[in-house]
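1. here is a sequence with its predicted model. Questions after.
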Amino acid sequence: MSPVAVFVGPPGAGKSTVAEIVGQRLGVDVRDTDQDVEAGEGVSVQDIFIDQGEAHFRVLEEKAVASALAEHDGVVSLGGGAVLSPASRAALAGHRVIFLDVGLAAAIRRVGMNSGRPLLLGNVRTQLKNLLDQRRVLYRDVARFTIETDDLDATQVADQAIALIEDDR
Ligand SMILES: Nc1ncnc2c1ncn2[C@@H]1O[C@H](COP(=O)(O)OP(=O)(O)OP(=O)(O)O)[C@@H](O)[C@H]1O
Ligand SMILES: O=C(O)C1=C[C@@H](O)[C@@H](O)[C@H](O)C1
Ligand SMILES: [Mg+2]
């Protein structure tokens, strides 16, 4: 069993939104590792960061990624920082991973300046810039395909993703 596609990318890339559209259009279930962690713990990702710290969240996330890749044959959307884990990067090898890339300006517009995302608290622009600079290489490393999303709406990104999936089957 293997997911039909796995979406990776930074906050604001549109992973959750696009995964939902692609799942609906292909008639398959969607799994989001942030939601899996929240369901398992019974609290929000934000609260886990605040109460138990990022390192604890990353351990939970690593398990959620491993389970989703092993158990799910629909579409998977990973948390933005899932690729920080070497184990998760290794687990992604051989999967149909699609990197939704986004530039700084579009990412800021999409997450908003008052982001509830715990890693972006403080100066959203600076945090997002650092995060994009540090992680782009990791997203590229795990991805079979990249979609540049800046000038596309979520439906257009989903169209491209479905075309890539169909061509790759
Ligand atoms: N291609 C797009 N163009 C414009 N807005 C978009 C696009 N994709 C998603 N959005 C909007 O951007 C916001 C963030 O999208 P979404 O939550 O899907 O991102 P994400 O990649 O899952 O982020 P996170 O890593 O924080 O979970 C949402 O308000 C969504 O409607
Ligand atoms: O980019 C990140 O590190 C994160 C993205 C979100 O999906 C959540 O997993 C959490 O807010 C951390
Ligand atoms: Mg998401």
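-> Okay, I see it. Residues are numbered from 1 along each chain as shown. Ligands and ions are numbered 1, 2, ... in the order given.

2. now Ala66. Nearest residue, chain neighbours left out?
-> Ala91 (5.7 Å; C-beta to C-beta, 6 or more residues apart in numbering). All C-beta spots, glycine's among them, are computed from the backbone N, C-alpha and C.

3. with Ser88 instead?
-> Val65 (4.5 Å).

4. give the contact list for whichever residue of the chain sits closest to ligand 1.
-> Nearest to ligand 1, among the residues of the chain, is Gly14, at 2.6 Å (C-beta to the nearest ligand atom). Residues counted as contacts of Gly14 (C-beta atoms under 8 Å, 6 or more residues apart in numbering) are Leu100, Val102, Arg110, Thr149, Ala154, Val157.

5. hmm, 7 Å instead?
-> Leu100, Thr149, Ala154, Val157 (C-beta atoms under 7 Å, 6 or more residues apart in numbering).

6. quick check: which element contains Gln156?
-> Assigned by DSSP states H and E, Gln156 falls within helix 154-168.

7. from Ile50, how far out is the residue of the chain closest to ligand 1?
-> Using C-beta to C-beta, to the nearest Å, Gly14 is found at 25 Å from Ile50.

8. for ligand 3, what's its nearest residue on the chain.
-> Nearest residue of the chain to ligand 3, counting by C-beta to the ion: Ser16, 3.3 Å away.

9. so how many other residues sit close to the closest residue to that residue other than its chain neighbours?
-> Distance criterion C-beta to C-beta, 6+ apart; nearest residue to Ser16, sequence neighbours excluded, is Ser77 at 5.1 Å. By other C-beta atoms under 10 Å, 30 other residues sit near Ser77.

10. so Phe99, which of the three states?
-> strand (DSSP: H, G, I helix; E, B strand; the rest coil).

11. count of neighbours near it?
-> Phe99, neighbours per other C-beta under 10 Å, totals 26.

12. again, but for the one 10 residues further on
-> Other residues near Arg109 come to 13 when the count uses other C-beta under 10 Å.

13. and it, what element?
-> helix 104-111.

14. what about that helix, near ligand 1?
-> Yes. Judged by C-beta under 6 Å from any ligand atom, helix 104-111 and ligand 1 are in contact via Arg110.

15. list the buried residues of the helix or strand bottoming out on mean pLDDT in the chain.
-> The helix or strand of the chain with the poorest confidence is helix 104-111; it has a mean of 92 (mean pLDDT, DSSP states H and E). Using 16 or more other C-beta atoms under 10 Å as the test for burial, helix 104-111 gives Leu104, Ala106, Ala107, Ile108, Arg110, Val111.
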